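Curious how this folds, go ahead:
(2 chains)
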2 protein chains.
Amino acid sequence: MSIATTGPVRVVGTGLLGASVGLALRLHGVDVQLVDPSRTALALARDVGAGTPVGPASPAPVLVVVAAPPDVTAGAVVAALADHPDAVVTDVASVKGHVLAELRASGADLTRYVGSHPMAGRERSGPSAAVPDLFLGRPWVITGSGASREDAVLAVRHLAVDVGAVPVVMDADAHDAAVAAVSHVPQLVSSLVAGRLRDVDDAALALAGQGLRDVTRLAASDPALWTSILAANAGAVRDVLVALRADLDGVVGALDLAAAAAGPEDVEPGALATIARAIADGGTGVARIPGKHGGAHRQYAVVTVLVPDRPGELARLLGDVGDVGVNLEDLLLEHAAGRPVGMASISVLPARAEHLETELTARGWRLVR
Amino acid sequence: MSIATTGPVRVVGTGLLGASVGLALRLHGVDVQLVDPSRTALALARDVGAGTPVGPASPAPVLVVVAAPPDVTAGAVVAALADHPDAVVTDVASVKGHVLAELRASGADLTRYVGSHPMAGRERSGPSAAVPDLFLGRPWVITGSGASREDAVLAVRHLAVDVGAVPVVMDADAHDAAVAAVSHVPQLVSSLVAGRLRDVDDAALALAGQGLRDVTRLAASDPALWTSILAANAGAVRDVLVALRADLDGVVGALDLAAAAAGPEDVEPGALATIARAIADGGTGVARIPGKHGGAHRQYAVVTVLVPDRPGELARLLGDVGDVGVNLEDLLLEHAAGRPVGMASISVLPARAEHLETELTARGWRLVR
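Next up is the predicted model:
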């Protein structure tokens, strides 16, 4: 596959993101130069094939990717703009406005700077965890500085596409507000809900179902990393949280009234409606999340099957699904408390659901409705 | 399999839960009698095989399962206790204290009453959605009235085990506090987070990742059903929400300070620590949720594989996992925005991860770290 990025590309900071950019570009034969204050990280990145450590004979880069920790990103961008007066410079910090504000305060010439936020990453970090596929299919947000030259924006867009990402051009403040709502607040709220479980005894936790697991899955996150992200995006995150808290206050007030009433017909008028509206508004909101493949959210039918916890059973089930000619649109696995059996919820096109149920039942699978 | 429930068992209310109890007992040859104010629901339940509509010659039941809507449950229990002076009576309402309070106020003799909360159910409702497997592996909470005879508690415990559930004996108030924390608050908070998405534009929603989808999965829930549940458990839910709001207030205050500061070193002492503590407490809480099979939460290694969105690919992957002799402990499917490829995160015992990665790579699969 031919690509647009010509190189040399200099990666400053060879952690997971930087080294993965290097690996992805190396697959296409682009000359990648590596810089990192840690000699170990630099050597590791070189060893996994992410590029070549910069030396005295290294040619001038045409593109510099600053993949340093967010709190030193602005400084590294300023240095790169000065050191390479013909290069386009981008970064990968997950909060764009903060970096941009620091850059503007520095007085640097921002015509050659274009911010990036590749929305990719895994639990593991460091160059040894880097892979060329990290960005595949992921959004890569591109935020101009307000002064960015068109060719600079294009160069960064090419980079995103060449590493397999989906470029999304946004205003920096709009990006920060967006990630506050779709990433930062969900992370924080997941942590708050999970935090309440510290006061819950084991007998109560035995009642935990898939819903709780879904809501708290994000809660196993790194405190230091998330503190720096939330602090960097403090304004936007706070705004969403304040709005959420107002909704929460309404529900708490309604519950106070419901708790004081003898029966449903005695509850203060409007209190039940407040609670119902909170649930209904949630339904409206979740339906706005793009479905599979980023398109409009499609309504699928769900066929749920009991899967004994023996090796190969899930594979056998999915094989049967394929054999009967039904395409699996999505799959969710749930576990039953205390029993060696799980439930596989298979999403299919509604027109295929009945056929699938009939065929699976005929093949001995037990369905759950 | 021999069971302990002898019958006749009378099911009052032949919706999803009642009819499923009937179906499960009929599989074991127990005589099940059906009652429902709706002649249609009654006929449907009979037709799916849940039991026989009560008639003038029906023998006296030994056990009555009141599976009516929660707001009429107490009345139906009182009536059943009076109509069948030798029978044990239980119900299935998802909030126990509320029903118990109404029963105590009625002055009924509660020695033969034992509350139940089978924690099972699907999106579909009504007798036509009933299945005998509904309770398999699910917790079935048993809450004595405080006056319940031992043999009454035993009879209800037998019922739970006979339909395949896992009996959990709890105090009614402890149950309500438990489901408030592990079920009701997570539902409500999921709805509140999703509700904020109504104000987010499509470009921002394009950045949505798996984390947001996990946190908001519960938000597609029925407002009327959840309003009645939350109102019935208003006191316990309110208590958890007030504690959560206090944690939220702390974080909002810390973010206010962070937003006002120029850089991390300028933030008010303690503010960053407050944020970090909220994330860390969430990690502590989520680790308390029982893992697969209800046992202690095991640490699994996760191997993530790119799965092209072609029919049969996921089945082929799982088949390969089985072929190389590795047991799949858990599976999570993620979709890439705008690209026809997904990521399958396979949880395996840590000691098997490297072998699996090597083998899958050798078979042409692309791994993502």
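
How is the closest residue to chain B within the stretch 1-150 of chain A assigned, secondary-structure-wise?
Using CB to the nearest CB, the single residue of the stretch 1-150 of chain A nearest to chain B is A:G137, 2.6 Å away. Using the backbone N, CA and C atoms, a C-beta is placed for each residue, glycine as well. Reduced to three states with DSSP: H, G, I helix; E, B strand; the rest coil, the structure at A:G137 is coil.

count of residues packed around it?
Close neighbours of A:G137, defined as other CB atoms under 10 Å in any protein chain shown, add up to 22.

Also A:G13?
The number of residues packed near A:G13 is 28, by other CB under 10 Å.

Report pLDDT for it.
pLDDT, A:G13: 97.

for it, phi and psi?
phi 110, psi 100 (degrees, to the nearest 10).

any idea how far it lies from B:L272?
Computed with CB to CB, to the nearest Å, the distance linking A:G13 and B:L272 is 23 Å.

just A:D266 next, same as before
Separation of A:D266 from B:L272 (CB to CB): 47 Å.

Give me the more crowded residue out of the two.
Between A:D266 and B:L272, B:L272 has the larger neighbour count (other CB under 10 Å), namely 20 against 10.

elements contacting the helix or strand harbouring the more buried one?
Taking DSSP states H and E as the criterion, B:L272 maps to helix B:271-286. With contacts taken as 3 or more CB pairs under 8 Å, 6 or more residues apart in numbering or on different chains; DSSP states H and E, helix B:271-286 sits against helix A:185-196, helix A:210-216, helix A:223-232, helix B:234-260.

any bit of the second one sitting next to chain B?
Yes. Using CB under 8 Å from any CB of the partner chain, helix A:210-216 reaches chain B at A:211-216.

tell me the two of those that are most distant?
Largest separation among those by CB to CB: A:G211 and A:T216, giving 9.6 Å.

so what sits against both of these two?
Common contact partners of A:G211 and A:T216 (CB atoms under 8 Å, 6 or more residues apart in numbering or on different chains): B:P186.

Least confident secondary structure element in chain A?
Using mean pLDDT, DSSP states H and E, the weakest-scoring helix or strand in chain A turns out to be strand A:330-335, at a mean of 76.

Now find how far off-centre that one is within its chain.
Put simply, strand A:330-335 sits 20 Å off its chain's centre (CA atoms, centre = their mean, to the nearest Å).

Could the C-alpha coordinates of the next helix or strand after that strand be exported in PDB?
Counting by DSSP H and E, the element after strand A:330-335 in chain order, helix or strand, is strand A:341-348. Output of strand A:341-348 as PDB, limited to C-alpha atoms (Å, rounded to 0.1, in the frame of the first residue of the first chain):
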ATOM      1  CA  VAL A 341     -21.700 -21.900  32.700                       C
ATOM      2  CA  GLY A 342     -21.700 -18.700  30.800                       C
ATOM      3  CA  MET A 343     -24.200 -16.900  28.500                       C
ATOM      4  CA  ALA A 344     -23.200 -15.700  25.100                       C
ATOM      5  CA  SER A 345     -25.400 -12.900  23.800                       C
ATOM      6  CA  ILE A 346     -25.100 -12.900  20.000                       C
ATOM      7  CA  SER A 347     -26.300  -9.900  18.100                       C
ATOM      8  CA  VAL A 348     -27.700 -10.600  14.700                       C
END
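
Please state the offset of strand A:341-348 from the chain centre?
Per CA atoms, centre = their mean, the displacement of strand A:341-348 from the mean C-alpha position of its chain is 24 Å.

Okay, now the sheet partners of that strand, with direction.
Here strand A:341-348 is paired, per DSSP bridges, with strand A:301-308 (antiparallel), strand A:330-335 (antiparallel).

in the longest one, what counts as buried?
With burial defined by 16 or more other CB atoms under 10 Å in any protein chain shown, the residues of strand A:301-308 counted as buried are A:301-307.

quick one: which of these is nearest A:L356?
A:L356 has its nearest neighbour among the buried residues of strand A:301-308 in A:V303, at 5.3 Å by CB to CB.

Contact partners for the closest one?
With CB under 8 Å, 6+ apart, A:V303 has these contacts: A:345-346, A:348, A:353, A:356-357, A:360, A:367.

give me the beta-bridge partners of it?
With DSSP bridges as the rule, A:V303 is bridged to A:I346.

Neighbour-wise, give me the winner out of the residues of helix A:210-216 next to chain B.
Neighbour counts for those (other CB under 10 Å) peak at A:T216, which has 30 neighbours.

Without its sequence neighbours, what residue ends up closest to that one?
Excluding the flanking residues, the one nearest A:T216 by CB to CB, 6 or more residues apart in numbering or on different chains is A:A194, at 4.1 Å.

and the one you found, how many neighbours?
29.

Just list the residues touching it, thanks.
Listed by CB under 8 Å, 6+ apart, the contact set of A:A194 reads A:216, A:219, B:281-286.

I would like a ChimeraX command selecting only the buried ones among these, please.
Entered in ChimeraX, the line below selects the buried ones among the contacts of A:A194, by 16+ other CB under 10 Å:
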select /A:216,219 /B:281,282,283,285,286
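
can you redo the contacts of A:A194 as a markdown table with pLDDT?
A markdown table is the format used below for those (pLDDT from 0 to 100):
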| residue | pLDDT |
| --- | --- |
| A:T216 | 95 |
| A:A219 | 93 |
| B:D281 | 96 |
| B:G282 | 96 |
| B:G283 | 94 |
| B:T284 | 94 |
| B:G285 | 95 |
| B:V286 | 94 |
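
quick check, nearest of the contacts of A:A194 to B:S20?
Nearest to B:S20 among the contacts of A:A194 is A:T216, at 28.3 Å by CB to CB.

correct me, but the closest one touches B:G285?
Yes. Counting by CB atoms under 8 Å, B:G285 is a contact partner of A:T216 at 7.1 Å.

Put together a markdown table for the helices and strands packed on helix B:271-286, with distance to A:A79 on each row.
Formatted as a markdown table, these follow (distance: least, CB to CB, whole Å):
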| stretch | distance to A:A79 |
| --- | --- |
| helix A:185-196 | 31 |
| helix A:210-216 | 41 |
| helix A:223-232 | 20 |
| helix B:234-260 | 26 |
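
so of those, which one's packed in deepest?
Comparing these by mean neighbour count (mean count of other CB atoms under 10 Å in any protein chain shown), helix A:185-196 ranks first with a mean of 27.

Give me the mean pLDDT for that one.
On average, helix A:185-196 scores 97.

Centre of the chain to it, how far?
Computed by CA atoms, centre = their mean, the chain-centroid distance of helix A:185-196 equals 16 Å.

Quick check: what element follows that helix along the chain?
helix A:202-205.

which non-adjacent residue is nearest A:A24?
Here the residue nearest A:A24, using CB to CB, 6+ apart, is A:V163, at 3.9 Å.

Touching, the one you found and A:F135? I think so.
Yes. With contact defined as CB under 8 Å, A:V163 reaches A:F135; the gap is 4.6 Å.

which residues touch A:G235?
Listed by CB under 8 Å, 6+ apart, the contact set of A:G235 reads A:176, B:255, B:259.

Of these, which is the nearest to A:L103?
Nearest to A:L103 among the contacts of A:G235: A:D176, at 14.6 Å, using CB to CB.

My guess is the closest one contacts A:L100. True?
No. Using CB under 8 Å, A:D176 makes no contact with A:L100, being 9.5 Å away.

Who are the contact partners of A:L272?
A:254, A:258, A:264, B:227, B:231.

Put together CSV for these, with pLDDT and distance to B:S183 on each row.
Formatted as CSV, these follow (pLDDT from 0 to 100; distance: CB to CB, whole Å):
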residue, pLDDT, distance to B:S183
A:A254, 97, 18
A:A258, 93, 17
A:P264, 74, 20
B:T227, 92, 15
B:A231, 92, 15
